[in-house]
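K.L.:
sequence-free structure coming up:
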């Protein structure tokens, strides 16, 4: 049992650090550090920088242009990226649809879609949830009816993150109404510019436009956009979910967040209360640190199992629940640390181009927005309650 | 990055697993707990044969030279059987301290008898007002022309009743709060002036109140160097935290397993109660608490074995995490067993009691949380 990095690992760590020091666009870093929201263009430039280095396809096999990194290298990369305050990779193309395409797509589909995903030339979004299919996702109703060489799509997808930027959407659609509800679902790729597709913003409680409803009205999609077999979409989507399980804890980000919270708390900023003298708050901060350490080692146990060729053990099912709980707790402690400055709602302060003086200390500006926004994390990707159903059924056999 | 077991760890795990399965079913244990000494000397001989008594002792002195990474594997399995033998107190605390602090001669003389199973040791450190913080102890030893005279009272000394040699921590110089000035004396338990009042604890283990009334010992009784014991005793206590936590993880494994089994079997409203989502989620929470505690165990054990600068903090964090998990898993295991959970007949309540006692030992959850708080505020 050891967690020591080898010389090779240390060299790799150095290479990652150098990359973030030299090739991470400076203006994007500055925005990140100030807590200003990134534009679509910022995200694309950042991901293209990553691609130029050959590091865009972190979970991709080498044959498709992936890094081929082992578990330790992925761990090192995630930690350095978080320390450098790098933006999250927009997951829909690179980490969500790509594995489905390279695992279940045909040769033509791989050639057609993968290079543009890797190079961030095309922005993808996800069409899974529907207004009446959330936790019970398999009851989805968006219909795809075969008509010659095309499917005709009708229905509504929702919670489509950053769909307003997207060029393509990958959807779970219903191709069969009879039989088991899971077996009538297919996995379809749809060009957002197709006539009949419309995107409608949903404003969330933090006041931002991040998610959307996407409507499909007689949208005609060529059958060559179907991935794998008709009726197998549910299986593909589930495989994709297990693929994603390990990264889902966002441990590296929470570690960086905790470090930043500690800096704020110990900064002795005269405009704020001295939180170090608030024993109740400090106790919660320490408990958060304890929980995060336990989560980090749970993730390491999972990575270690995966790297020795084993399937992720039952401990992997904890990652989503605990990872999101800790992130939300840290967001909550930030709000507490901001004191009275958690109140002002001045969104210009974290929009592009703001060059005024923010109300209160810099870190306070986006604190509440982040807290409100991240209430989503225990809801999306299968609510934490659904995760507990999974543990009780699959792990405890209930 | 590797969490797999080494050959020796796998060996220890298997030997413990077999021992618990073959020799330590719950009813056998119950009988043992009601016997005079409360455990089995025959088992102790077996432990010697299995090499368990030699595990934390250096190879130079006939031991195996294991670190906490090895002992936790054993402890986790022994926890599942609710071991009554004083393995933790005599070997993981007592022998471990002699191995770290003793002079060459002392180690040669004492450790052989430990490894063979002929002598048991007890670490005599805890006092009611200072069960963990060594610097606060009141027991003192006065040096009168080369003879030390000990006075004081030690409380809830684990295995104190059946130890042949007591390893008594006392202040020999300095004032309360000083790390310097603490010494350890290795004293035969039948020495004049020592009164030992033994009793059972809530977990069916044995402990004792030990009073020292002008106990005279020679300078040779000082383990290692006088006044310099703090570092090693502290390290042994911290390793004790790790080893106790491993035992707690083993117990929690067992409780999650027993509870899931019961939920699947017990029927009410014409259905197994494990079909009710409220209970499913509670069981899932128990499972999560147990896994997170286990992860924390590995973290602190690795830091401790590596001797990293931060290892004491890691151990404190571990005891906090274990305390949270053990309380939740223990209480909920009882709750989900319904009325049966509070009966003496079922093993569940006994596991719960051991977990509860572990929380009180070597600094409780709240104790360690408060020490982390104090550090963070300064």
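P.N.:
Yes, it's here. This structure is a prediction, so every number in the text was calculated from the model and none was measured.
K.L.:
Test for you: state the pLDDT assigned to the residue lying closest to residue A:40 once chain neighbours are set aside.
P.N.:
Of all residues not flanking residue A:40 in the chain, residue A:165 sits nearest, at 4.7 Å (CB to CB, 6 or more residues apart in numbering or on different chains). The way it works is simple: take the backbone N, C-alpha and C, and place the C-beta from them, glycine included. On pLDDT, residue A:165 comes in at 98.
K.L.:
same check, this time on residue A:103
P.N.:
93.
K.L.:
which phi and psi does the residue nearest to residue A:40 have?
P.N.:
When read as degrees, to the nearest 10, the backbone of residue A:165 gives phi -100, psi -10.
K.L.:
ok, it - contacts?
P.N.:
Applying CB atoms under 8 Å, 6 or more residues apart in numbering or on different chains to residue A:165 gives the contacts A:40, A:123, A:125.
K.L.:
most neighbours, which of these?
P.N.:
residue A:125 (27 neighbours; other CB atoms under 10 Å in any protein chain shown).
K.L.:
Quick check: it is in a strand.
P.N.:
Yes. With DSSP: H, G, I helix; E, B strand; the rest coil as the criterion, residue A:125 is part of a strand.
K.L.:
which non-adjacent residue is nearest it?
P.N.:
residue A:166 (3.8 Å).
K.L.:
That neighbour: what's it in contact with?
P.N.:
A:92, A:123-125, A:160, A:192.
K.L.:
Residues of the stretch 251-378 of chain B that sit close to chain A?
P.N.:
B:256, B:260, B:263-264, B:272, B:274-275, B:277, B:279-281, B:283-285, B:287-288, B:291-293, B:295-296, B:298-299, B:301-302, B:317, B:320-321, B:369, B:372-373, B:376-377 (CB under 8 Å from any CB of the partner chain).
K.L.:
Check these for burial and list the buried ones.
P.N.:
Among these, those scoring as buried are B:256, B:260, B:263-264, B:272, B:274, B:279-281, B:283-285, B:287-288, B:291-293, B:295-296, B:298-299, B:301-302, B:317, B:320-321, B:369, B:372-373, B:376 (criterion: 16 or more other CB atoms under 10 Å in any protein chain shown).
K.L.:
Which ones among the residues you listed lie within helices?
P.N.:
Counting by DSSP state H, these place B:256, B:260, B:263-264, B:279-281, B:283-285, B:287-288, B:291-293, B:295-296, B:298-299, B:301-302, B:317, B:320-321, B:369, B:372-373, B:376 in helices.
K.L.:
Could you report the pLDDT at the residue of the stretch 151-300 of chain A found nearest chain B?
P.N.:
Closest contact between the stretch 151-300 of chain A and chain B, by CB to the nearest CB, is at residue A:297 (3.6 Å). With respect to pLDDT, residue A:297 has a value of 95.
K.L.:
can you check residue A:242 too?
P.N.:
The model's pLDDT for residue A:242 equals 65.
K.L.:
same thing with residue A:354?
P.N.:
85.
K.L.:
likewise residue B:13?
P.N.:
So, for residue B:13, pLDDT stands at 96.
K.L.:
and the nearest residue to it once chain neighbours are set aside, what does it touch?
P.N.:
Distances taken as CB to CB, 6+ apart place residue B:73 nearest to residue B:13, at 5.0 Å, with adjacent residues excluded. Shown in contact with residue B:73 (CB under 8 Å, 6+ apart): B:5, B:9, B:12-13, B:16, B:246.
K.L.:
what about the helices in the stretch 201-350 of chain A?
P.N.:
With helices called from DSSP state H, counting those that start in this stretch, the stretch 201-350 of chain A shows them at A:233-244, A:251-265, A:279-307, A:316-338.
K.L.:
Same list (those) but as a markdown table, adding mean neighbour count and distance to residue A:220.
P.N.:
Formatted as a markdown table, the helices of the stretch 201-350 of chain A follow (neighbours: other CB atoms under 10 Å in any protein chain shown; distance: least, CB to CB, whole Å):
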| stretch | mean neighbour count | distance to residue A:220 |
| --- | --- | --- |
| helix A:233-244 | 17 | 19 |
| helix A:251-265 | 19 | 41 |
| helix A:279-307 | 21 | 41 |
| helix A:316-338 | 22 | 37 |
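K.L.:
how about those helices, which one is nearest residue A:102?
P.N.:
Checking the helices of the stretch 201-350 of chain A against residue A:102 by CB to CB gives helix A:233-244 as the closest, at 10.9 Å.
K.L.:
Now do that closest one against helix A:316-338, angle only.
P.N.:
Inter-element angle recorded for helix A:233-244 and helix A:316-338: 60 degrees (by axes from the mean of the first three to the mean of the last three CA atoms, to 10 degrees).
K.L.:
what's helix A:233-244 packed up against?
P.N.:
Applying 3 or more CB pairs under 8 Å, 6 or more residues apart in numbering or on different chains; DSSP states H and E, we find helix A:233-244 packed against helix A:98-104, strand A:168-174, strand A:185-191.
K.L.:
Just the angle for that helix relative to strand A:185-191, thanks.
P.N.:
80 degrees.
K.L.:
Any idea how far helix A:233-244 is from the middle of the chain?
P.N.:
Relative to its parent chain, helix A:233-244 has a centroid offset of 15 Å by CA atoms, centre = their mean, to the nearest Å.
K.L.:
Checking residue B:344 next. Helix, strand or coil?
P.N.:
Residue B:344 ends up coil, using three-state DSSP.
K.L.:
Which positions within the host helix or strand of residue B:240 qualify as buried?
P.N.:
Element membership for residue B:240, per DSSP states H and E: helix B:230-265. Across helix B:230-265, burial judged by 16+ other CB under 10 Å covers B:230, B:232-256, B:258-260, B:262-264.
K.L.:
Is chain B within reach of the helix or strand containing residue A:11?
P.N.:
Element membership for residue A:11 (DSSP H and E) is helix A:7-22. No. Using CB under 8 Å from any CB, helix A:7-22 stays clear of chain B, coming no nearer than 8.7 Å.
K.L.:
Can you list the helices and strands that the helix or strand just after that helix packs against?
P.N.:
Helices and strands here follow DSSP H and E; after helix A:7-22, the next one along the chain is helix A:26-34. On a contact count with 3+ CB pairs under 8 Å, 6+ apart, helix A:26-34 meets helix A:40-52.
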